[in-house]
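S.K.: Sequence and predicted structure, then a few things I'm wondering about:
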Amino acid sequence: MLPPGSPYCLLMIRIQQLTKVYEHGDTRTVVLDRLDFEVAAGEIAAVVGRSGAGKSTLAQCVNLLQRPTSGSVVVADVDLTASSERDLQTARRQIGTIFQTDGLFSRRTAAENVALPLEFLGVTAKESKKRVAELLDRVGLEDKASHYPHQLSGGQRQRVGVARALALRPKVLLADEATSGLDPDSTRSILGLLRELRDDLGLSILLITHEMEAVREIADTVARLERGRFVESGRVVDLLQDPASRLGIDLQPLRASAPAAPGHTSLVVTYGRDDVPTDWLSLVGAEAGQPLQLLGAAVEVVEGTTVGTVTVGVPNGSLISVQDALARHGLRVRPVSSPAATYSSSDAILENVA
């Protein structure tokens, strides 16, 4: 998970050869198959995958709600898989978990829900009250302390869940589909909160999700889990700039485009370098001797780098000159219809989709 040259150095999560097997009679199902990955201090690492890929099992093995069949899970320099049950209870305080459903108790107020881990730990009522107030203020719900879950919106309930996950001052946050089912505004709000917590508290965050937009929004690195194995991983911005990356293609923002004019070909252009000029559309048109039609665009800034796709219409007789001009400015062209194909990183590939 931690790529070469990463700005992060201190490891907060280290998983080696993690394997989880379920056996029922003569049936043996391998859910996680010898996984290796690392999450550094202050890093937001995402794991994506389809339903059934093993994401939830991975999350439960990281905090040892399920014991792996083999392999090791080390969090904050403590090997959880080698710890006794008593030591494990202490070690788990380093991991705050945010679940897909908020998991709040309906008969407890927001403040009482946040206080629950402190009660289990035996913190005094005075200290608990102070800590809960700090946490609710941190997540922007200081005025909702006496509200019950049914009086809160979905996003507010999830914020209470975040506050509860922070109660014991963990070093790691494990967010298991934490934005699933939320409306777009609430999703952005929760993702923004997680980024703030990383920046302000130096937390490491492991984000288990199927939402590519969430990965683009806050993750530093990402890995795709398929059938219990990591099939691709890397820095988000590097994957977005790699035309041969299937994960990078899936991470690209969604685009809507108009059809090309008669006699024109539609090309999907992606950013391949950090130094692409902002006025590349007019520059390429001038160099090719033909103006380009802007048919649609979905462009974002990730880690200070512009990424995304732009669909342009090109006169059929100018395809080669446009291809050359795009390549000079650090832009690549890929087919629309074959996202899983392997593309050359040095050659622009054209497909007539008009």
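M.R.: Perfect, I can see it now.
S.K.: got any ranges where the stretch 201-350 of the chain has weak pLDDT?
M.R.: 255, 334-350 (pLDDT under 70).
S.K.: Do a quick rundown of the strands in the stretch 151-300 of the chain.
M.R.: 172-176, 204-209, 221-226, 229-235, 264-271, 293-302 (DSSP state E, counting those that start in this stretch).
S.K.: Quick one, which of the ones you listed gets closest to G122.
M.R.: For the strands of the stretch 151-300 of the chain, distance to G122 was read as Cβ to Cβ. The smallest value, 22.8 Å, belongs to strand 172-176. Just so you know, the C-beta spots here come from the backbone N, C-alpha and C atoms, and that holds for glycine as well.
S.K.: Show me the strands paired with that closest one, marking each as parallel or antiparallel.
M.R.: Partner strands and pairing direction for strand 172-176 (DSSP bridges) are strand 95-98 (parallel), strand 204-209 (parallel).
S.K.: on that earlier part again, got TSV for the strands of the stretch 151-300 of the chain, with mean neighbour count and distance to V74 too?
M.R.: Listed next are the strands of the stretch 151-300 of the chain as TSV, based on neighbours: other Cβ atoms under 10 Å; distance: least, Cβ to Cβ, whole Å:
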stretch	mean neighbour count	distance to V74
strand 172-176	23	11
strand 204-209	25	12
strand 221-226	21	18
strand 229-235	17	17
strand 264-271	23	37
strand 293-302	15	29
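S.K.: now those as TSV including distance to V78?
M.R.: As requested, these are exported to TSV (distance: least, Cβ to Cβ, whole Å):
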stretch	distance to V78
strand 172-176	11
strand 204-209	14
strand 221-226	22
strand 229-235	23
strand 264-271	41
strand 293-302	33
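S.K.: Not counting sequence-adjacent ones, nearest residue to A297?
M.R.: V310 (4.5 Å; Cβ to Cβ, 6 or more residues apart in numbering).
S.K.: ok, back up a step: quick one: closest of the strands of the stretch 151-300 of the chain to V30.
M.R.: That would be, of those and by Cβ to Cβ, strand 229-235, which comes in at 9.4 Å.
S.K.: hey, where'd the helices end up in the stretch 151-300 of the chain?
M.R.: 154-165, 184-201, 212-218, 236-240, 246-251, 280-288 (DSSP state H, counting those that start in this stretch).
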